[in-house]
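Chemist: let's see this in three dimensions:
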Amino acid sequence: MADICYIHEKKVLYPCFHLLSIAKTRYNSPSLYTSLYFSLFLVLFFRFAAIILIGSSQTSSGLAVNMVNKRVLLHEISPIRKSCQILVRIIRYWSKHQDYNIPATGQISMILMDENGNQIVGFIRSALISEFEKKFKEGSVVLISNFEVVDNTDDNYIVNHRYKLVFSSTTRMKVVDRIGDSLHGFRFSDFQDILSLKTGLRFTFDLVGRMIKFNSDEVVVRGKETKSLYLELKDLDGNVISGLLLGGFADELFAYLGCHDGVDGRCIVLVIRFSKVLFSDGIPYFTNCSATKLLINPDVPEVSSYNEIVDENDSDSCSDVLD
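Modeler: Below is the predicted model:
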């Protein structure tokens, strides 16, 4: 019996059947035969149960690994399906609030875009800023995994997505070469559509137009003097829309004008990224939120279209605006 206890695993069944044969022929003991038979049954039962459990565990682990490694698009993620990877471009990245209507939150925020143009807001809580801050660069493409997904409970969405992406201490990211052909993910709104609004929009929008008037002033917001930039933009169809940007946007525009004397004879075309709409006496105007970014004569096809129609007789030429 001692030899049987130490026998190799692959030879467990043979000794058991050998004992059954001995009990039946040599000892002719029905009780011993029954006991050995029952013991063999238990050995086989637990052995096969262990095999099934081990196989099930390996299968589950394999599924979990595959699920973590599976790459999905932004419209596919949810609080339930968050153990996956996303390949996205960081099209907007900011670390402080430019929205003077709400207090600062002490977090880094960003807007991510996948290869199909889907967009989502992501943010890093203040406790993890030092860990991630230097890893992010606006315009870079990253592969992100082990993130959290939470409901977007904001009254006004920056982008049209019901969820937000949250970076945690276990979040992993890797910079990759490229994703799709779109670098900016512009979503330009038609001027006429904005001008015809009677109520505000829940989402932000992008605007592109020729600057035909601007003025800078100081206004008081929340008891603090803040710079304001009043703008009038004209689109290719001649529609004009007004806007008011609060914060450092005036400094950006004057710095650009100071470095580009005469703007090389071109008109000044502005792109207002992630702007929102407000109303004054029932008339809509664009303004900024925390994600808003001002682009001045950027090298993008949408701006090239404006420069192509400018000629010497254009009443909205650069020199007229600056005078």
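Chemist: any figure for the gap between the nearest residue to residue 159 once chain neighbours are set aside and residue 176?
Modeler: Leaving aside its chain neighbours, residue 159 sits nearest to residue 119 (4.2 Å; criterion: C-beta to C-beta, 6 or more residues apart in numbering). To be clear about C-beta, it is placed using only N, CA and C from the backbone, and glycine gets the same treatment. According to C-beta to C-beta, to the nearest Å, residue 119 stands 18 Å off from residue 176.
Chemist: what sits up against stretch 270-286?
Modeler: With C-beta atoms under 8 Å, 6 or more residues apart in numbering as the test, stretch 270-286 has contacts from 92, 111, 156, 158-159, 186, 194-195, 197-198, 200-201, 204-211, 231, 233, 241-245, 287-289, 291-296, 298, 300, 302-303.
Chemist: buried ones in that stretch?
Modeler: If you call a residue buried by 16 or more other C-beta atoms under 10 Å, then stretch 270-286 has these buried ones: 270-277, 284-286.
Chemist: of these, which is the nearest to residue 130?
Modeler: Residue 130 lies nearest to residue 274 out of these, by C-beta to C-beta, at 26.1 Å.
Chemist: that closest one: which element?
Modeler: For residue 274, the enclosing helix or strand under DSSP states H and E is strand 269-280.
Chemist: mark which of the contacts of stretch 270-286 are buried, thanks.
Modeler: Neighbour-count burial (16+ other C-beta under 10 Å) applied to the contacts of stretch 270-286 gives 92, 111, 158-159, 186, 194, 201, 204-211, 231, 233, 241-245, 287-289, 291-296, 303.
Chemist: inside strands: which ones of the residues you listed?
Modeler: 92, 111, 205-211, 231, 233, 241-245, 287, 293-296 (DSSP state E).
Chemist: where does the stretch 101-250 of the chain have low pLDDT?
Modeler: Residues of the stretch 101-250 of the chain meeting the criterion pLDDT under 70: 101-106, 155, 178-183.
Chemist: all the helices of it, residue numbers only.
Modeler: In the stretch 101-250 of the chain, the helices defined using DSSP state H, counting those that start in this stretch lie at 129-132, 191-195, 249-259.
Chemist: in a markdown table, list the ones you listed along with distance to residue 74.
Modeler: As requested, the helices of the stretch 101-250 of the chain are arranged in a markdown table below (distance: least, C-beta to C-beta, whole Å):
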| stretch | distance to residue 74 |
| --- | --- |
| helix 129-132 | 19 |
| helix 191-195 | 25 |
| helix 249-259 | 29 |
